[in-house]
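Trainee: Model the structure of this input:
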Amino acid sequence: MAIRVPPGRAGRLWLLRRLDVAGRGADVLDQKRRTLLREQQRLADRLVETAAAWEQKARVAAEWHARAWTLAGPRRLRLAGTQLGHPAELSLERRNALGVVFPTTATVRLGRAPDFVALGGGASITLSARAHADALAAAAAYAAAHAAHSAIGAELAATTRRLRAIERRWIPAHQAALHELELRLDQSELEDTIRVRWAAARRSMSSGGPM
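Mentor: Residues are numbered from 1 along each chain as shown. Model prediction:
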């Protein structure tokens, strides 16, 4: 990367300040990266737990659906489905961690369930409805865990890219520019010293003094 460095010793101070800022910035990004890694692992564990719970609840719901289909029959199942009332509602609680906003909990609110037994549906339909409600809540918990894990993963990737850009490109480029500038400054100081000595020698010769 091309760096426009101010001339002379001002350029050296300018580069040193920028390197200092970059070093402190890299430290901050590295700390953030480590914290995000820990959070990602925690959320990965949560993702596994909620996925297993959803799978288990869905399996139970499928089993109760099969029982209700057998015991009550498809006609009563369809009739019970028309009596469910309001659709389910989902609410999320969110958290802000290191500038990343992600869901922490998901709450499913169901409409008031009708009395399936009174409707002639039998206990199997009631138990099937409860099992499906549990499966829905488990699915919402998994979806929240998945969204949180994805959000933290995206921020971790972006933070890692910024850190690598500073460590592998920005800092080395400025260190190289500083090294080149210091070489030029040393060369300039050497040339100035030679000119001063040459001028002193000329004055000494013109005054008839010893060489």
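Trainee: roughly how far apart are the residue most central in space within the chain and residue 193?
Mentor: Note on the chain: the residue nearest the mean C-alpha position is residue 155, at 1.8 Å, using Cα atoms, centre = their mean. Here residue 155 is placed at a distance of 54 Å from residue 193 (Cβ to Cβ, to the nearest Å). (C-beta placed from N, C-alpha, C; glycine too.)
Trainee: tell me which strands and helices the strand or helix carrying the residue nearest to the centre of the chain is in contact with?
Mentor: Under DSSP states H and E, the secondary-structure element containing residue 155 is helix 123-165. Under the contact criterion of 3 or more Cβ pairs under 8 Å, 6 or more residues apart in numbering; DSSP states H and E, the helices and strands touching helix 123-165 comprise helix 8-71, helix 74-81, strand 89-97, strand 100-109.
Trainee: Mind putting these into JSON lines with distance to residue 133 and mean pLDDT?
Mentor: Below are the helices and strands packed on helix 123-165 laid out as JSON lines (distance: least, Cβ to Cβ, whole Å; pLDDT from 0 to 100):
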{"stretch": "helix 8-71", "distance to residue 133": "9", "mean pLDDT": "94"}
{"stretch": "helix 74-81", "distance to residue 133": "13", "mean pLDDT": "73"}
{"stretch": "strand 89-97", "distance to residue 133": "13", "mean pLDDT": "90"}
{"stretch": "strand 100-109", "distance to residue 133": "8", "mean pLDDT": "92"}
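Trainee: picking that back up, who's in contact with the closest residue to the residue nearest to the centre of the chain other than its chain neighbours?
Mentor: By the measure of Cβ to Cβ, 6 or more residues apart in numbering, the closest residue to residue 155 outside its immediate chain neighbours is residue 100, 4.6 Å from it. Taking Cβ atoms under 8 Å, 6 or more residues apart in numbering as the contact definition, residue 100 lies against 151, 152, 155.
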